[in-house]
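Participant: Provide a 3D model corresponding to the input given below.
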Amino acid sequence: MVTLLLQSRQGRKSILSILRSGRIGQALEWANILALMMIGSMTATLVTFNLTIKTKTVDVQKILNNAFPGILVLIIFFSVYWAMKKKKISAPVMIVVIIGFCILASALGIA
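Facilitator: Below you'll find the predicted structure:
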């Protein structure tokens, strides 16, 4: 029973010292950075966009992928991020805009 009380007091002291030192804030910041890196890598690997603009002898998609692999996905990602963050467009509205863009691009034969 005595050891349980001592352990409880030591645990309380340790938690209070961690909270006072600001280590929790650092850990949360590191976790935030890790989460953003994971979202970025998932976006790069799971999201695809095929551009089918072809001129007489040039395939634009191949040129872009050879120069900058995944550049179209990156442009789309940051466009959506910019619209939601800077223009304050909500997520449901952004989803409707993306679906509308996909339908329009498909109808025009672009994507």
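
Participant: When you work out contacts or count neighbours from here on, use the C-alpha atoms and nothing else.
Facilitator: Fine.

Participant: What does the pLDDT read for the residue nearest the centre of the chain?
Facilitator: Residue closest to the average C-alpha location in the chain (CA atoms, centre = their mean): I39, at 3.7 Å. With respect to pLDDT, I39 has a value of 84.

Participant: likewise the one 10 residues further on?
Facilitator: F49 is assigned a predicted lDDT (pLDDT) of 70.

Participant: how would you label it: helix, strand or coil?
Facilitator: coil (DSSP: H, G, I helix; E, B strand; the rest coil).

Participant: I figured it hits I71, correct?
Facilitator: No - assessed by CA atoms under 8 Å, F49 is found out of contact with I71, at 9.7 Å.

Participant: out of everything not next to it in sequence, what's closest to A91?
Facilitator: With sequence-adjacent residues excluded and distances taken as CA to CA, 6 or more residues apart in numbering, A91 is closest to M84, at 7.2 Å.

Participant: Backbone dihedrals for the one you found, please?
Facilitator: Dihedral pair for M84: phi -80, psi -40, per degrees, to the nearest 10.

Participant: still on that earlier bit, between F49 and I71, which one's more packed in?
Facilitator: Per other CA atoms under 10 Å, whichever of F49 and I71 has more neighbours is I71, with 16 against 12.

Participant: Check which helices and strands the longest helix anywhere in the chain sits against.
Facilitator: In the chain, taking DSSP state H as the definition, the longest helix is helix 23-46. Here helix 23-46 is seen to pack against helix 71-85 when contacts are counted using 3 or more CA pairs under 8 Å, 6 or more residues apart in numbering; DSSP states H and E.

Participant: Can you name the next helix or strand after the helix it packs on?
Facilitator: helix 91-108 (DSSP states H and E).
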